[in-house]
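Visitor: Fold the following and give me the result.
(one chain, ligands or ions: 1)
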Amino acid sequence: MTGKLFCGECGEMLIGESGTSKSKRLYSYYHCLGARAHKCDTRRLLKEDVENTVALLIFDSLKERKPLMKSPTASIAPKGRTLRN
Ligand SMILES: [Zn+2]
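Guide: Numbers count the residues shown, from 1 in each chain. Model prediction:
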């Protein structure tokens, strides 16, 4: 997802990297380009955390789109009511 994520602190791009921890476990994370340039103090963000957050944001935006998709149905509903009355 590199190139699509930006730091909430400084607005610089977040770059995905991976490395190994002391326990030799491979892990992936994102870091802020601004932090590399000492413009920002955002620390490394675990890829898992970032992607969970992104998934939540996508989920939220899908939820927000629902009312728009419902609006044609909503305009039909009053007609149905008139017929029933
Ligand atoms: Zn930053």
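
Visitor: Point out the residues in the chain that sit beside the ion.
Guide: Cys7, Glu9, Cys10, Cys32, Gly34, Cys40, Thr42 (C-beta under 5 Å from the ion). Bear in mind the C-beta positions are built from the backbone N, C-alpha and C, glycine included.

Visitor: In TSV, list those residues along with secondary structure, distance to Val54 and neighbour count.
Guide: Listed next are the residues of the chain next to the ion as TSV, based on DSSP: H, G, I helix; E, B strand; the rest coil; distance: C-beta to C-beta, whole Å; neighbours: other C-beta atoms under 10 Å:
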residue	secondary structure	distance to Val54	neighbour count
Cys7	coil	14	19
Glu9	coil	17	13
Cys10	coil	18	16
Cys32	strand	15	25
Gly34	helix	19	19
Cys40	coil	19	17
Thr42	coil	16	18
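
Visitor: Return the distance of Gly16 relative to Asn52.
Guide: For Gly16, the distance to Asn52 equals 15 Å [C-beta to C-beta, to the nearest Å].

Visitor: could you measure the most centrally placed residue in the chain against the ion, distance?
Guide: Nearest residue to the geometric centre of the chain (C-alpha atoms, centre = their mean): Val54, 2.4 Å. Distance, Val54 to the ion, by C-beta to the ion, to the nearest Å: 16 Å.

Visitor: my guess is that residue meets Gly16, correct?
Guide: No. At 12.0 Å, Val54 does not count as touching Gly16 under the criterion of C-beta atoms under 8 Å.

Visitor: in what helix or strand does Ile58 lie?
Guide: helix 47-84 (DSSP states H and E).
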